[in-house]
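# just to be clear, the model below is a prediction. Sequence and coordinates:
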Amino acid sequence: MHLALYQPDIPQNTGTILRLCACLEVPAHIIEPAGFPVSDRHFRRAGMDYLDRVSIQRHDSWTKFDQWRRQAGKRLILFSTRAARPYLEYRFDPADILMFGRESAGVPDHVAAAADERLIIPIAPGMRSLNVAISAAMALGEALRQAKTSEDQP
C-alpha cells in the first residue's frame, strides 16, 4: 500500500499524513509542486520527529508520478468528493496507491480521469468535506484492514 498527495497546500495536513504513514509503515509520495517549502515550521511541527521514519518519494510533476506508478504496475485509487462509489464498497489490493488531492481544489480532471478508481467517503448531506488528514486515516485504515484480512485467509 502507498499513499500519494497531489500538490498538497496545507503543511500541517501534510505533516500529519506523513506521520500517519510513518506509524503504519506506508510509503508516501508527494506530487509537486507543493504549496509550501518542506522546511515550513508548521509542516515540521505536525510531522514531529516522525518525518525521519517515513519513506517519502517526491515526484517533480504529475506526469513523472504517473509514469512511475504505471511502470510499477500499481492501481491508482483517487479519493474525491466528486466520486460516486463509497470506499467501503471497494476491494483494495495491497499494492494500491491511495491518492488525495489538494485541500483547496482536489485534482484536475485529467488526473481524475487517469485514476483506476474514484472513491468517496460518504458524509452527512449539506457538509462539504472531511479534513484530508482524517480522510487519509479512514481510507488507509480500511485498505490496510482489507490487506490484512486477505493475508490471513488461505
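Alright, I've got the coordinates. Numbering: from 1, shown residues only.

# and the contacts of stretch 130-142?
1, 3, 8, 10, 13, 16-17, 20, 24, 26, 79, 87-88, 92, 98, 100, 103, 119, 121, 123, 129 (C-beta atoms under 8 Å, 6 or more residues apart in numbering). For glycine as for every other residue, the C-beta is placed from the backbone atoms N, C-alpha and C.

# where in the chain is the helix or strand with the lowest mean pLDDT?
The least trusted helix or strand in the chain, going by mean pLDDT, DSSP states H and E, turns out to be helix 41-47, with a mean of 66.

# show me what the helix or strand that comes right after that helix packs onto, helices and strands only.
Following the chain from helix 41-47 toward its C-terminal end, the next helix or strand by DSSP states H and E is strand 56-59. For strand 56-59, the elements it packs on are strand 28-31, judged by 3 or more C-beta pairs under 8 Å, 6 or more residues apart in numbering; DSSP states H and E.

# check the offset of the strand it packs on from the chain's centre.
8 Å (C-alpha atoms, centre = their mean, to the nearest Å).

# how about stretch 131-139?
When distances are taken as C-alpha atoms, centre = their mean, stretch 131-139 is centred 8 Å away from the chain's centroid.

# Ala22 is in contact with Asp49, isn't it?
No: at 9.3 Å, Ala22 does not count as touching Asp49 under the criterion of C-beta atoms under 8 Å.

# with neighbour numbers in mind, choose between those two.
Neighbour tally, Ala22 and Asp49, criterion other C-beta atoms under 10 Å: the higher count belongs to Ala22, 20 against 9.

# helix, strand, or coil at the more buried one?
The assignment at Ala22 comes out as helix when based on DSSP: H, G, I helix; E, B strand; the rest coil.
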